[in-house]
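Peer 1: Model the following, please.
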Amino acid sequence: MHISTLVELLGSKGSDAHLQAWFAQHGIGKPPTTISANQGQKSVKDKLHDMEFYFAFDIINDRFYPPTVGARGSLLSHFKSATLFSRRPKGNPPKPEGFWDGYVQPSATLQDCLAYFNGRLEEFGDTAYFEKPLTGDVDIKLWFCKRRQRVDTIQLNLHEDREFIGHHDFDPGNEHNTTPQAATLVLKWLFDRRHLRVPQALYEAGLEDDHQAILRFAEQHLGNHVWAGQLHDSPALRSVLAHTRTTRPLQLDNGSPLHLFDKWLYLKAGGAWERHQALYNDDTLADWSASVDAFERAVVLDAAQRQAFLAMLDDAYQRVQQAHPA
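Peer 2: Here you go, the predicted structure:
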């Protein structure tokens, strides 16, 4: 048993014969072949060798994206990550002879880690965090406790980007998306303000202010998603986009909260916010959920309202740039 084999196996489908044979050879439980949307991920513990292996379906890497639907609506799993070492209070059992050869290992000093990871680290309080690619798809990560001067955790992970808009947001068949125009308007804003890393020829061609046209653009040029790697590097932009996906406000360091959830911006731009809130807070409705969903689906922005939506994002971006997120 050697780390290099796990590096090769990462990314395999749970049903892969080679992966299943390796698990069986080392007396490890059977890899899961599918995962339900509610489960998110599954893990398999290797008690003999003191490791844990994680399987998932929603991996932010174009090699595995979008998730593949299997039997009965479940999703096909992929071998996503492996915890090779996680320090235990009473000590960890040794790995097989030669397991760590050529790689950083639990006995490493801080200087050893700096050398192995080419001096690149991030510090979070008492923890030094290291990460580097081993292949195009696999990273090795290490957490080092500076106070106790010891390695705490070593992991192998599939390399993932950071997702801001996913394939489900651009899926016309997604019945749970009651304001589908919101995602395409965020994308329109990114295009018009030239935040996207796309060829200059696409900017020169322009992007029509039309929901269907923007959906086609997302499919043809962005893989039906917006990830950090597709954007020009800007902390302010990432902060704004992250908060368009959540009802949690963005707190600026001057104490001001910014509510940027794209559905809320959409309803405000459409002049429907007050009526929506009245309906949302009406506990006398016979079918509250259906009533709220129907109201949201009925809101369709006209050209002026779409421009108002883009202006809200402009204002938020400028405020974040000026005040910096806390």
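Peer 1: For the host helix or strand of F144, which outside residues touch it?
Peer 2: Here F144, judged by DSSP states H and E, is contained in strand 138-145. For strand 138-145, contacts defined as CB atoms under 8 Å, 6 or more residues apart in numbering pick out 7, 10-11, 103-104, 108, 110, 113, 117, 126-134, 150-159. (Glycine included, C-beta is placed from N, CA and C.)
Peer 1: partner strands of that strand, parallel or antiparallel?
Peer 2: On the basis of DSSP bridges, the sheet neighbours of strand 138-145 come out as strand 127-133 (antiparallel), strand 150-158 (antiparallel).
Peer 1: What are the contacting residues of the longest one?
Peer 2: Meaning strand 150-158. 3, 6-7, 10-11, 59, 61, 64, 78, 80-87, 104-108, 113, 127, 134, 137-145.
Peer 1: Could you list which of those residues belong to strands?
Peer 2: With DSSP state E as the criterion, strands contain 78, 80-86, 127, 138-145 from among the contacts of strand 150-158.
Peer 1: elements contacting the lengthiest helix in the chain?
Peer 2: If you go by DSSP state H, the chain has its longest helix at helix 303-323. In this structure, helix 303-323 makes packing contacts with helix 180-192, helix 235-243, strand 257-258, helix 262-269, judged by 3 or more CB pairs under 8 Å, 6 or more residues apart in numbering; DSSP states H and E.
Peer 1: mind listing what's buried in that helix?
Peer 2: Going by neighbour count (16 or more other CB atoms under 10 Å), the buried part of helix 303-323 is Q305, R306, A308, F309, L310, M312, L313, A316, Y317, R319, V320, A323.
Peer 1: can you tell me how far the third one sits from S4?
Peer 2: Just to be clear, that refers to A308. Distance, A308 to S4, using CB to CB, to the nearest Å: 55 Å.
Peer 1: quick one, domains of the chain?
Peer 2: Here the domain parsing of the chain from automatic domain parsing is 3-158, 163-323.
Peer 1: so for the shortest one, what's the average pLDDT?
Peer 2: The average pLDDT within domain 3-158 is 93.
Peer 1: Pull the distance from that domain to the chain's centre.
Peer 2: The chain centroid and the centroid of domain 3-158 are separated by 17 Å under CA atoms, centre = their mean, to the nearest Å.
Peer 1: measure it end to end?
Peer 2: In domain 3-158, first residue to last residue: 14 Å (CA to CA, to the nearest Å).
Peer 1: cool, and stretch 196-203?
Peer 2: 9 Å.
Peer 1: in that stretch, what counts as buried?
Peer 2: L196, V198.
Peer 1: quick one: it to chain centroid distance?
Peer 2: Relative to its parent chain, stretch 196-203 has a centroid offset of 23 Å by CA atoms, centre = their mean.
Peer 1: one step back: among the contacts of strand 150-158, the buried ones, what's the PyMOL command?
Peer 2: Typed into PyMOL, the next command selects the buried ones out of the contacts of strand 150-158 (criterion: 16+ other CB under 10 Å):
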select buried, resi 3+6+7+10+11+59+61+64+78+80+81+82+83+84+85+86+104+105+106+108+113+134+137+138+139+140+141+142+143+144
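Peer 1: Doesn't G29 lie inside a strand?
Peer 2: No: secondary structure of G29 (DSSP: H, G, I helix; E, B strand; the rest coil): coil, not part of a strand.
Peer 1: residues touching it, list them.
Peer 2: G29 touches F23, V44, K45, counting by CB under 8 Å, 6+ apart.
Peer 1: Look up how far I214 lies from H232.
Peer 2: For H232 relative to I214 (CB to CB), the value is 19 Å.
Peer 1: So which of the two has more stuff around it?
Peer 2: The neighbour comparison of H232 against I214 (other CB atoms under 10 Å) goes to I214, with 21 against 11.
Peer 1: Next up, the contacts around that one.
Peer 2: Remark: with contacts taken as CB under 8 Å, 6+ apart, I214 is in contact with T184, L185, L187, K188, L207, E208.
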